[in-house]
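> need the 3D shape of this:
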Amino acid sequence: MFTGNGIKIFTGTSHPELAEIITRRLGVPLGRAEVTKSGIGESHVRITESVREDDVYIINTGCGEINTALMEVCIMIHACKIASAKRITAILPLYPYARQDKKDKSRAPITAKLVANMLQKSGCDHVITMDLHASQIQGFFDVPVDKLYAEPSAIQYIRTNFDLADITIVSPDAGGAKRATSIADRLGVDFALFHKERKKANEVSRMILVGRVKGKIAIVVDDMADTCGTLCLAAQHLAEAGASKVYALVTHGILSGNALKNVEESALEKLIVTNTLPQTENVAKCSKIEVIDIGNVLAEVIRRSHYGESVSKLFDEVPY
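Reported below is the predicted structural model:
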């Protein structure tokens, strides 16, 4: 039985809907905090209730005005730290700047490391995130990092909505092969992948399918969908290769630029995303978007973290 004693959950402005889902699931009220922005763009935070000796969780995700979201988290952590909170956990379903995780060119910054430094210097004791774009980001921290996976929720969705005999799991590139093969192995279904060649960043020149999808329902799985150029091109190739239907299932539906238009006009039957980012407007604008709720997973990891229980069970199972 979760009592909620000694726990406070706060949210920034990037995804308050997710915070409400989590607190409703836990049966605790959302912490009172005023988060505003001044005329010159400075973030102002005021925690309006005591957090002394409390276990504090601050929820904000890397979307929208991402720099504002990041500063809100850092300021809220600092405010709780100097207000004598016992432990402060940052819950970042989509880690900000996760794609800037390595020095791939001369004089390129490793911004994901800078974000890790900012969170720790602010006073963060623990970080919870989901499907990091690059696992090595965990090594940028000197505090515990729990990386959750959307894989159990994805598997549950596939089992519920498809006949497993008809599907093939597809990775849109070699980098996602491990994720796709893990899902395919757990479902006991076939696997295929694309070999992708790029002319420049965010522009794919050629995709070569490795594997058979003829007569199958192809489900493309990935960690994030941004402009959706790769997903739409993959869907086109899969349809041409004889797939009966094509779906895409991704964790983080960033959906920037012309993504919604691209999806609507593509060969995709549906693009299934989780609510690590706000999706209400995207669902209203595009009939092909469907959302999987991962609020129950984040609520359960908060409960387990608060009581000092292991969270590794959540890597394989969806909490009820």
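> next one: residue 318, what pLDDT does it get?
If you check residue 318, the pLDDT there is 81.
> ok, it - how many residues close by?
Per other Cβ atoms under 10 Å, the neighbour tally for residue 318 reads 18. Backbone N, C-alpha and C define where each C-beta goes, glycine included.
> now do residue 288
Neighbours of residue 288 under the rule other Cβ under 10 Å: 18.
> mind jotting down where the strands sit in the stretch 151-300 of the chain?
Secondary structure of the stretch 151-300 of the chain (DSSP state E, counting those that start in this stretch): strands located at 167-171, 190-200, 203-210, 217-225, 245-253, 270-274, 289-292.
> and the fifth one, what's buried?
Judged by neighbour count (16 or more other Cβ atoms under 10 Å), strand 245-253 contains these buried residues: 245-253.
> the longest helix in the protein is where?
If you go by DSSP state H, the chain has its longest helix at helix 66-81.
> buried ones in it?
So helix 66-81, judged by 16+ other Cβ under 10 Å, has buried residues 68-81.
> ok now that helix, how far from the chain's centre?
Going by Cα atoms, centre = their mean, to the nearest Å, the spacing between the C-alpha centre of helix 66-81 and its chain's C-alpha centre is 19 Å.
> what distance do you get for the closest residue to residue 117 other than its chain neighbours to residue 206?
Nearest residue to residue 117, sequence neighbours excluded (Cβ to Cβ, 6 or more residues apart in numbering): residue 140, at 7.8 Å. For residue 140, the distance to residue 206 equals 34 Å [Cβ to Cβ, to the nearest Å].
> so between these two, which is more surrounded?
Neighbour comparison, residue 140 and residue 206: the larger count goes to residue 140, with 19 against 12 (by other Cβ under 10 Å).
> for this structure, give me the ranges with low pLDDT.
1-4, 197-205, 320 (pLDDT under 70).
> still on that earlier bit, counting by contacts, list what the longest helix of the chain packs against.
strand 33-37, strand 43-47, strand 55-59, strand 87-92, helix 111-122 (3 or more Cβ pairs under 8 Å, 6 or more residues apart in numbering; DSSP states H and E).
> could you list the domains of this protein?
With domains defined by automatic domain parsing, the chain comprises 7-149+295-315, 151-292.
> I'd say residue 230 and residue 171 touch.
No: in this structure, residue 230 is not within contact of residue 171 by Cβ atoms under 8 Å, at 10.9 Å.
> residues shared between the contacts of the two?
Shared contacts of residue 230 and residue 171, defined by Cβ atoms under 8 Å, 6 or more residues apart in numbering, comprise residue 222.
> neighbour count winner among the two?
Set side by side, residue 230 and residue 171 show more neighbours around residue 171, with 25 against 22, by other Cβ under 10 Å.
> could you measure from residue 64 over to residue 114?
20 Å.
> hmm, I was thinking of residue 46
26 Å.
> I'd say residue 273 and residue 251 touch.
Yes: Residue 273 sits in contact with residue 251 when judged by Cβ under 8 Å, with a separation of 7.4 Å.
> returning to what we had before: distance to residue 177 added to the strands of the stretch 151-300 of the chain, as CSV?
Output for those, formatted as CSV (distance: least, Cβ to Cβ, whole Å):
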stretch, distance to residue 177
strand 167-171, 5
strand 190-200, 5
strand 203-210, 10
strand 217-225, 10
strand 245-253, 15
strand 270-274, 20
strand 289-292, 22
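> what about the residue nearest to residue 176 when sequence neighbours are not counted, neighbour count?
In space, not counting the residues next to it along the chain, residue 176 is nearest to residue 222; the distance is 5.5 Å by Cβ to Cβ, 6+ apart. Residues lying near residue 222 (other Cβ under 10 Å) number 22.
> thought residue 222 was touching residue 175?
No: judged on Cβ under 8 Å, residue 222 makes no contact with residue 175 at a distance of 9.3 Å.
> common neighbours of these two, please.
In contact with both residue 222 and residue 175: no residue, using Cβ under 8 Å, 6+ apart.
> span of stretch 219-234 from start to end?
Using Cα to Cα, to the nearest Å, the end-to-end distance of stretch 219-234 comes out at 10 Å.
> ignore the last one, stretch 125-143
Using Cα to Cα, the span of stretch 125-143 from its first residue to its last is 6 Å.
> quick one: residue 144 and residue 127 touch, right?
Yes: counting by Cβ under 8 Å, residue 144 touches residue 127, with 7.3 Å between them.
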